[in-house]
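> the sequence and its predicted three-dimensional model are supplied below.
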Amino acid sequence: MKMKRIGLNDCLALGGYGSDHLERAELVRIAVSRAGARFGFQPDGHVYLFGDTPRDVAAAKAAGVKSVAVATGRFGAEELRRCAPDFLLAGLSDTEAVRRDVIGM
């Protein structure tokens, strides 16, 4: 519903959404499973959960994917750092830095 409101619903091939499950970690697993079914995808350390809350970081860890905490929401960098994300970013506006520092491209 969030993606539909901002006009991105048609841009997303698949995902794990709140309507699929109540637990965030399970949503991540669902999204990875859907990617595997659709694209023959094997995660092998190449799945990143971008989020701006400690719950997002915890969900990534529980699902076995990399966590990228982005301090653009109500939680600041220090609070997110205490959750020990794999990556901590101040924002996403510098897409080249995100590619370089997070994805390694």
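Thanks, I have the structure now.
> could you look up the SS state of residue 99?
Judged by DSSP: H, G, I helix; E, B strand; the rest coil, the three-state class of residue 99 is helix.
> quick one: the strands in this protein?
With strands called from DSSP state E, the chain shows them at 48-51, 66-70, 87-89.
> in terms of mean pLDDT, which of these ranks lowest?
Set side by side, the strands of the chain differ in mean pLDDT, and strand 48-51 is lowest with a mean of 88.
> can I get that strand in PDB, CA atoms only?
Extracted as PDB, the C-alpha positions of strand 48-51 are listed here (Å, rounded to 0.1, in the frame of the first residue of the first chain):
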ATOM      1  CA  TYR A  48      20.400  -6.200   1.600                       C
ATOM      2  CA  LEU A  49      17.600  -4.900   3.700                       C
ATOM      3  CA  PHE A  50      17.500  -1.100   3.800                       C
ATOM      4  CA  GLY A  51      15.600   0.300   6.800                       C
END
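> that one: how far from the chain's middle?
Computed by CA atoms, centre = their mean, to the nearest Å, the chain-centroid distance of strand 48-51 equals 2 Å.
> mind giving me the packing neighbours of it?
Packed against strand 48-51 by the contact rule (3 or more CB pairs under 8 Å, 6 or more residues apart in numbering; DSSP states H and E) you find helix 54-63, strand 66-70. Where you see a C-beta, it was placed from the backbone N, CA and C, and this is true even at glycine.
> for the chain, what's the longest helix?
When every helix of the chain is counted residue by residue (DSSP state H), the longest turns out to be helix 24-39.
> just to revisit the earlier point, return the most buried member of the strands of the chain.
Neighbour counts (mean count of other CB atoms under 10 Å) averaged over each of the strands of the chain peak at strand 66-70, with a mean of 22.
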